[in-house]
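Engineer: my questions are about this predicted structure, shown below with the sequence.
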Amino acid sequence: VAGLAFAVATAADNANPATPIHLVLSDRKEAVSLLEHNVTLNHDLLQGPCNGKIDVTCAALEWGDASEQLADVVLGADLLYDASEETYRRLVQTIDGSFQSTSAEGRLVLAVRWRKPQEERVFFEMMK
């Protein structure tokens, strides 16, 4: 729920007040039904900061696959857990693809818990 609130607050802060907000929540295919359930349970929380001008979509996204969703802001939480260098490569490819062809400069916000700092630094080097 905290992740949903943060996503909505960030979207509201970065949006034109006259324009409806389209928020895409993604996870692996197996977790999409849980995302949809959380969106339903927290409908009022999601609508509040945006004065009812928010459209929420839940979608499956495997890192490395091309996404049809282009973003102005990408939020990620706990993405580096138990990952390998190949996983990081696919994640970087997915993040880069999320911003291509957008008119404005994209913004990436990550919340990371360092578990294996030496290994996880590889991801940040790839992001440069």
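Structural biologist: Alright, I've got the coordinates. Model, not experiment: these values are computed from the prediction. Residues are numbered from 1 along each chain as shown.

Engineer: and the host helix or strand of residue 74, which residues are buried?
Structural biologist: In this assignment (DSSP states H and E), residue 74 forms part of strand 73-77. Using 16 or more other Cβ atoms under 10 Å as the test for burial, strand 73-77 gives 73, 74, 75, 76. Bear in mind the C-beta positions are built from the backbone N, C-alpha and C, glycine included.

Engineer: where does the residue nearest to the last one when sequence neighbours are not counted fall, phi/psi-wise?
Structural biologist: What it means is residue 76. Excluding its sequence neighbours, the residue lying closest to residue 76 (Cβ to Cβ, 6 or more residues apart in numbering) is residue 110, at 4.7 Å. Residue 110 adopts backbone torsions of phi -120, psi 140, taken as degrees, to the nearest 10.

Engineer: related to what we said a few turns ago, export only the CA atoms of the strand holding residue 74, formatted as PDB.
Structural biologist: Extracted in PDB, the C-alpha atoms of strand 73-77 (Å, rounded to 0.1, in the frame of the first residue of the first chain):
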ATOM      1  CA  VAL A  73       8.400   8.800 -14.500                       C
ATOM      2  CA  VAL A  74       9.500   5.300 -13.600                       C
ATOM      3  CA  LEU A  75       9.300   4.200 -10.000                       C
ATOM      4  CA  GLY A  76      11.000   1.000  -8.800                       C
ATOM      5  CA  ALA A  77      11.100  -0.600  -5.400                       C
END
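
Engineer: what's the first helix or strand after it?
Structural biologist: Next along from strand 73-77, by DSSP H and E: helix 85-99.

Engineer: which residues touch the spatially closest residue to residue 26 that is not a sequence neighbour?
Structural biologist: Among residues not flanking residue 26 along the chain, residue 61 sits closest, at 3.8 Å (Cβ to Cβ, 6+ apart). Neighbouring residues of residue 61 by Cβ atoms under 8 Å, 6 or more residues apart in numbering: 26, 27, 28, 67, 94.
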